[in-house]
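In: Fold the following and give me the result.
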Amino acid sequence: MKLDISLDEFYPHPVDKVWAAIATREGLAAWLMDTDFAPEPGQEHGHAFVFRYQTEAGETGTIDCEVLEISPPHRMVWSWGSPEFGAPTRVEIDLAAEGNGTRLKLRHTGDRPEEMIAGYTKGWAVKAAQIGELLDTGKVADRK
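Out: Take a look at the predicted model:
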């Protein structure tokens with residue numbers, strides 16, 4: 001089934017601050033998942049990285065990713081997947097200055113089973129709120 005999630009969020013913070021939240025190991029770990037994300041200058045395209053997660057039931061796993069495109073501080077594209085779910089999906093994040101803040105547009109596309117699409121849709125909405133919490137307070141509240 002086709003996965004096509006689009007989020008459009010406004011954060012009352014400058015682009016550089018939002019970029020630090022979405023494009024650094026520390027920022028991603030604060031709102032998304034623990035990761036080894038660390039593209040180096042000159043090595044940004046093709047950088048493989050992993051997100052590590054633990055479910056509420058205590059199960060652990062990884063999501064294998066690769067930086068497909070990165071243009072700091074405005075655009076980042078990753079592959080997103082695990083071999084057991086077929087071909088990787090694609091996550092695109094674009095930032096643009098708007099008034100006194102930043103417009104973040106996120107799009108997650110690919111093929112996934114219907115039950116996974118519902119989870120991704122709910123999950124990205126929660127994560128967008130957590131980016132806002134991180135930007136506003138420097139921390140993210142636990143969500144169960």
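
In: ok now the host helix or strand of Ser6, how far from the chain's centre?
Out: Per DSSP states H and E, Ser6 falls inside strand 2-11. Distance, stretch centre to chain centre, for strand 2-11: 11 Å (CA atoms, centre = their mean, to the nearest Å).

In: What strands flank that strand, and is each parallel or antiparallel?
Out: Here strand 2-11 has these sheet partners by DSSP bridges: strand 101-111 (antiparallel).

In: Now do the helix or strand following the strand it pairs with, average pLDDT.
Out: Downstream of strand 101-111, the first helix or strand assigned by DSSP H and E is helix 114-137. Regarding helix 114-137, the rounded mean pLDDT is 93.

In: Buried ones in helix 114-137, by neighbour count?
Out: Ile117, Tyr120, Trp124, Lys127, Ala128, Gln130, Ile131, Gly132, Leu134, Leu135 (16 or more other CB atoms under 10 Å). Where you see a C-beta, it was placed from the backbone N, CA and C, and this is true even at glycine.

In: what does stretch 70-90 give?
Out: Ile70, Pro73, Arg75, Met76, Val77, Trp78, Ser79, Trp80, Gly81, Pro88, Thr89, Arg90.

In: so of those residues, which ones are in strands?
Out: Using DSSP state E, the members of these that fall within strands are Ile70, Arg75, Met76, Val77, Trp78, Ser79, Trp80, Gly81, Thr89, Arg90.

In: From the geometric centre of this structure, which residue sits farthest away?
Out: Gly99 (23.6 Å; CA atoms, centre = their mean).

In: Check what pLDDT the closest residue to Gly132 other than its chain neighbours gets.
Out: Among residues not flanking Gly132 along the chain, Tyr11 sits closest, at 5.8 Å (CB to CB, 6 or more residues apart in numbering). pLDDT, the model's per-residue confidence, is 98 for Tyr11.
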